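K.L.:
need a structure here:
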Amino acid sequence: MNCLQSVGHSRFSALPWPKRVDAHHRRTAVFNGFVGTGSLRVAAMKTSSNSRSSLYEDETEEQASSLDAKMTDLSDREEKSEIYSSNMTQAMGAVLTYRHELGMNYNFIRPDLIVGSCLQTPADVDKLRSVGVKTIFCLQQNPDLEYFRVDINAIQQYSKELNGIHHYRAEIRDFDAFDLRMRLPAVVSKLSKIVDINGGVTYIHCTAGLGRAPAVALTYMYWVLGYQLDDAHKLLQSKRPCFPKLDAIRSATADILVGQWKARVTFKWDGDDCSSVDISGLDIGWGQSIPLKFDEEQGAWLLERELPEGRYEYKYIVDGEWVYNSNELVTSPNMDGHVNNYIEVFNEDVNIEARQRRKKFMDGDAELTTDERKMIRQFLDSYKDDADLDEEEAEVRASATSDAIASGTIGVPDKA
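P.N.:
Numbering: from 1, shown residues only. Predicted coordinates for the structure are as follows:
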């Protein structure tokens, strides 16, 4: 079922113990070369100095307390990874796993392009810098960072203190193909302008590096670097198994080349034998829902919503239970046997030629002509996402100039 639900999961440990146990249980552990049990207090060797023995016990108690705290934190991160992986699998329609506790992971897609998981500490900036990265491009939203307790401010501040590497953000909602579609033009426009200035290797990441980041990298290769979509997708998958939403990329491409039209759609749940009906999916993603209103005349729950052209999956939530409506179009069962409703939205007032061009992209024939590539590039170059983009571009150029001066690439004019 393509919805986000937190469910219970078994946990396992990445540490070299045969099984994970809670911090307050007895265990055997290796710590700084000593082996101990219970509270991990190591008995000091008998000595004539009672103070020395007491000091040793104090030190080992502190060590034990520190280890317990680390194990509790590890357990927490493992559980969060389990829940996140489950939600990602359900929302993306593919079995995907992310282990945050194992640290940042990534793959070179091209010599100048890397796709990976999120940075977790400022030390990860040094790791990326060591492989030639000049641009870190973060797609995470604040709730993503807060979930895994990532201090983005510390990472950004450390990046500013270094020469030759820069950190930027361009947020896309997790597990949301519609938000990806709508944000791709702004995000890829920003990315291409930054890369044009910074050069070097670019690191694109989301949380797990399996959905949003691969999709942005793929779109950048398709719109900017001259790849056809299928070729770029094959290259991406050969380097990093992942699950970018191709329909979102095709829709965003058609939005630029053909235009975006909207149509008003009514969703209906018959019956007055329930106290609440919501709908999830559509253009709001699986992590949110919208309530339907009960219409006494029709004896049904209704929602009217204006949607851009495209295909949308959704599900009803009736008195808290996720269900599909058998009176509306349904998808084929997924790998778990779950079914969603779906709707194809189109505007009948759009001319036939424009509709056929959009259909061409959505049916899989997404190859771009030279003129279409030129049109997309002009669109990206002229795109303004928000009021502070000019200020950010100026900062990028100033940083690039500062780096060039520091490295001796350009000289500083003599003072008069």
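
K.L.:
and residue 159, backbone torsions?
P.N.:
phi -60, psi -40 (degrees, to the nearest 10).

K.L.:
What's the separation between it and residue 261?
P.N.:
Using CB to CB, to the nearest Å, one gets 41 Å for the distance from residue 159 to residue 261. In short, each C-beta sits where N, CA and C put it, glycine included.

K.L.:
swap in residue 324?
P.N.:
27 Å.

K.L.:
got it, and residue 217?
P.N.:
Residue 217 is 29 Å from residue 261, by CB to CB.

K.L.:
same question, residue 135
P.N.:
35 Å.

K.L.:
Work out for me the element residue 372 sits within.
P.N.:
Using DSSP states H and E, residue 372 falls within helix 370-382.

K.L.:
Can you give me the buried ones in that helix?
P.N.:
372, 376, 379, 380 (16 or more other CB atoms under 10 Å).

K.L.:
For the first one, give me its contacts.
P.N.:
By CB atoms under 8 Å, 6 or more residues apart in numbering, the contact set of residue 372 is residue 257.

K.L.:
hey, where'd the strands end up in the stretch 201-350 of the chain?
P.N.:
Under the criterion DSSP state E, counting those that start in this stretch, the stretch 201-350 of the chain contains strands at 201-205, 262-270, 277-281, 285-291, 293-295, 300-308, 310-318, 321-323, 341-345.

K.L.:
taking these together, which one is wrapped up most tightly?
P.N.:
strand 201-205 (a mean of 25; mean count of other CB atoms under 10 Å).

K.L.:
how about that one as CSV, C-alpha atoms only?
P.N.:
Output in CSV follows, covering the C-alpha atoms of strand 201-205 (Å, rounded to 0.1, in the frame of the first residue of the first chain):
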residue,chain,number,x,y,z
VAL,A,201,32.6,17.3,-8.9
THR,A,202,29.0,17.8,-7.7
TYR,A,203,27.5,15.7,-4.8
ILE,A,204,23.7,15.4,-5.0
HIS,A,205,22.0,13.9,-1.9
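
K.L.:
Direction included, what does it pair against?
P.N.:
strand 113-116 (parallel), strand 133-138 (parallel) (DSSP bridges).

K.L.:
Make CSV out of the ones you listed and add mean neighbour count.
P.N.:
Shown next, in CSV, are the strands paired with strand 201-205 (neighbours: other CB atoms under 10 Å):
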stretch, mean neighbour count
strand 113-116, 24
strand 133-138, 23
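
K.L.:
Using JSON lines, lay out those strands together with mean pLDDT.
P.N.:
Converted to JSON lines, these look like this (pLDDT from 0 to 100):
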{"stretch": "strand 113-116", "mean pLDDT": "98"}
{"stretch": "strand 133-138", "mean pLDDT": "98"}
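
K.L.:
any idea what sits nearest residue 84, other than its immediate chain neighbours?
P.N.:
The shortest distance from residue 84 to any non-neighbouring residue, by CB to CB, 6 or more residues apart in numbering, is to residue 98 (5.9 Å).

K.L.:
Against residue 121, how distant is that neighbour?
P.N.:
Residue 98 is 17 Å from residue 121, by CB to CB.

K.L.:
More neighbours: which of the two?
P.N.:
Neighbour count, other CB atoms under 10 Å: between residue 98 and residue 121, residue 98 has more, with 22 against 15.

K.L.:
where does the stretch 151-300 of the chain have low pLDDT?
P.N.:
Counting by pLDDT under 70, the stretch 151-300 of the chain shows no low-confidence range.

K.L.:
Now do the helices in the stretch 1-150 of the chain.
P.N.:
50-92, 123-130, 142-147 (DSSP state H, counting those that start in this stretch).

K.L.:
Comparing those, which yields the minimum mean pLDDT?
P.N.:
For those, mean pLDDT drops lowest on helix 50-92, to a mean of 71.

K.L.:
Have a look at residue 217 and residue 261 and say which one is more surrounded.
P.N.:
The residue with more neighbours, out of residue 217 and residue 261, is residue 217; 30 against 17, by other CB under 10 Å.

K.L.:
show me the contacts for residue 212.
P.N.:
Applying CB under 8 Å, 6+ apart, the residues near residue 212 are 139, 172, 174, 180, 206.

K.L.:
Check which helix or strand the third one maps to.
P.N.:
This means residue 174. Going by DSSP H and E, residue 174 is not part of any helix or strand.

K.L.:
Not counting residues beside it along the chain, what's closest to it?
P.N.:
residue 144 is the one closest to residue 174 (CB to CB, 6+ apart), at 5.9 Å.

K.L.:
same question, the fourth one
P.N.:
If the residues on either side of it in the chain are set aside, residue 180 comes closest to residue 248, at 4.4 Å by CB to CB, 6+ apart.

K.L.:
The one you found touches residue 181, doesn't it?
P.N.:
Yes - here residue 248 reaches residue 181: they are 4.1 Å apart, a contact under CB atoms under 8 Å.

K.L.:
Now do stretch 367-385, average pLDDT.
P.N.:
So the average pLDDT for stretch 367-385 ends up being 94.

K.L.:
Distance from it to the middle of the chain?
P.N.:
25 Å (CA atoms, centre = their mean, to the nearest Å).

K.L.:
ok, now stretch 350-362?
P.N.:
Stretch 350-362 sits 30 Å away from the centroid of its parent chain (CA atoms, centre = their mean).

K.L.:
buried sites along that stretch?
P.N.:
So for stretch 350-362, counting by 16+ other CB under 10 Å, buried means 354, 355, 357, 358, 360, 361, 362.

K.L.:
What's opposite residue 308 in the beta bridge?
P.N.:
residue 262.

K.L.:
I'd guessed it sits against residue 350; true?
P.N.:
No - if you go by CB under 8 Å, residue 308 and residue 350 don't touch, sitting 11.6 Å apart.

K.L.:
Quickly list what's touching both of those two.
P.N.:
The contact lists of residue 308 and residue 350 share residue 261, where a contact means CB under 8 Å, 6+ apart.

K.L.:
do you know which of the strands of the stretch 201-350 of the chain lies nearest residue 167?
P.N.:
strand 201-205 (9.6 Å; CB to CB).

K.L.:
which residue packs closest to residue 138, ignoring adjacent ones?
P.N.:
residue 169 (4.7 Å).

K.L.:
got the contact list for that neighbour?
P.N.:
138, 139, 140, 152.

K.L.:
ditto for residue 201
P.N.:
Here residue 201 is in contact with 111, 112, 113, 114, 131, 132, 133, 134, 135 (criterion: CB under 8 Å, 6+ apart).
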